[in-house]
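Student: Fold the following for me, if possible:
(one chain, ligands or ions: 1)
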Amino acid sequence: MPKDHGVQATQAGESVEELKIAAITALDSTESGEQLEAWRVGFLGRKGRLTGLLRGLGSLDIEHRKVVGAAANSLRGELEALYEERSKQSKSSQAPVGSIDITLPGRRPALGGLHPSTQMIREITQAFNEMGFQTIEGPEVELEKYNFDMLNIPANHPARDQWDTIWVDSDTHNDVLLRTHTSPMQARTMEANDPPIRVVVPGKCYRYESTDATHEWHFNQVEGLAVDEGITFADLKGTLYEFARRIFGSQRKVRFRCDFFPFVEPGVDMSIEWNGNWIEILGAGMVHPKVLENAGYDSTKYTGFAFGMGPERISMLRNEITDIRHFFSNDLRFLTQF
Ligand code: FA5
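Tutor: As a prediction, this is how the structure comes out:
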């Protein structure tokens, strides 16, 4: 019996040992299911190399045939086991990074959506746009001059207590703050434009106050301003009635009550009737003559009205949201409901 029967050359010119090395090396370099299948066909298939080797056994003498045949059959078992193992691994492992598994079923891509505050702001501004108001925006980091002084709220005025202010803490800019309301845009708009003016101004506001179910420390407002010759309180009421009808439906009851804001005279708040209660949704009034004068307007010639509302509060009513803090907590369970 030859000592080197394991590497005995067959008639096909390939020894069992050479075939084993070639098969294992080739198996190690397979990376996909397709390559693994090609390997199986190439080595174990009907026309594969191992089958060819077995077919060549007939040309060997009886002794060699027995030895090489046994080695080749044992290699077949070994290669089949290796194939099974690799095949299982390839099925359970994920597709390699960067490749696309075209056998996966299609999935709908996750589309984002507009934030509920943005949706409400757009609805509100659109209602006013259709009544002839233009949408503009202004700075969130504001000067004390526009947030307070030009709005008839001097430094020692008790009304400043209403707006707990977040100041931009700097030695050189101690008159800079995060706007506490969108009303500074009344002063900026009048300063930069001649009448007639009809604008709505959506934007973020900031107040240094503790939060609860109806108060956030940052929230949106939508400001409105109309200035022209001959504008009266009737225009204010008519415009805000129409707004309430568009947002809350034609049957919604609306109530005006006196309120105080230093930059309007007279001042009101507007409430709507909701489940048997009156809910305040905005502050408003006729632009104070001093505010018109501060902006360089002749208050004997021009009059106007202004209003400011909170879109989150309005969205809360419309969508039965019980806590304003949901708007900015980034919880997708809340946000995806809109
Ligand atoms: C003002 O801010 C005035 N600038 C409104 C105004 C404009 C009056 C023009 C007259 C003329 P007030 O502080 O009430 O007013 O806020 C107006 C609206 O902003 C409120 O009705 C409410 O909807 C919303 N709002 C106020 N504070 C908060 C808060 N902490 N969290 C959420 N929304 C708020």
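
Student: What about residue 180, how many residues nearby?
Tutor: If you count neighbours by other CB atoms under 10 Å, residue 180 ends up with 22. (C-beta placed from N, C-alpha, C; glycine too.)

Student: And the one 4 residues further on, by the same measure?
Tutor: The criterion is other CB under 10 Å. On that basis, residue 184 has 28 neighbouring residues.

Student: contacting residues around the closest residue to residue 40 other than its chain neighbours?
Tutor: Leaving aside its chain neighbours, residue 40 sits nearest to residue 83 (5.6 Å; criterion: CB to CB, 6 or more residues apart in numbering). For residue 83, the contacting residues are 27, 36, 39-40, 44, by CB atoms under 8 Å, 6 or more residues apart in numbering.

Student: got the phi/psi numbers for the one residue in the chain that gets nearest to the ligand?
Tutor: Nearest residue of the chain to the ligand: residue 310, at 2.3 Å (CB to the nearest ligand atom). The phi and psi torsions at residue 310 (degrees, to the nearest 10) take the values phi -110, psi 110.

Student: domain assignment for the chain?
Tutor: 5-93, 116-335 (automatic domain parsing).

Student: Check whether residue 222 really touches residue 205, as I assumed.
Tutor: No - checked against CB atoms under 8 Å, the pair residue 222 and residue 205 is beyond contact range at 10.5 Å.

Student: what sits in contact with each of these two?
Tutor: residue 182.

Student: Give me the mean pLDDT for stretch 187-207.
Tutor: Averaged over stretch 187-207, pLDDT sits at 97.

Student: Stretch 44-59 now?
Tutor: Here stretch 44-59 scores 88 as its mean pLDDT.

Student: Over to stretch 117-136?
Tutor: For stretch 117-136, mean pLDDT rounds to 98.

Student: Please see if that stretch touches the ligand.
Tutor: No - in terms of CB under 6 Å from any ligand atom, no part of stretch 117-136 sits within range of the ligand; the closest distance is 10.4 Å.

Student: List the buried residues of that stretch.
Tutor: By 16 or more other CB atoms under 10 Å, the buried positions in stretch 117-136 come out as 117, 120-121, 124-125, 127-128, 131, 133, 135-136.

Student: Save those residues as JSON lines, and put in secondary structure too.
Tutor: Shown next, in JSON lines, are the buried residues of stretch 117-136 (DSSP: H, G, I helix; E, B strand; the rest coil):
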{"residue": "117", "secondary structure": "helix"}
{"residue": "120", "secondary structure": "helix"}
{"residue": "121", "secondary structure": "helix"}
{"residue": "124", "secondary structure": "helix"}
{"residue": "125", "secondary structure": "helix"}
{"residue": "127", "secondary structure": "helix"}
{"residue": "128", "secondary structure": "helix"}
{"residue": "131", "secondary structure": "coil"}
{"residue": "133", "secondary structure": "coil"}
{"residue": "135", "secondary structure": "strand"}
{"residue": "136", "secondary structure": "coil"}
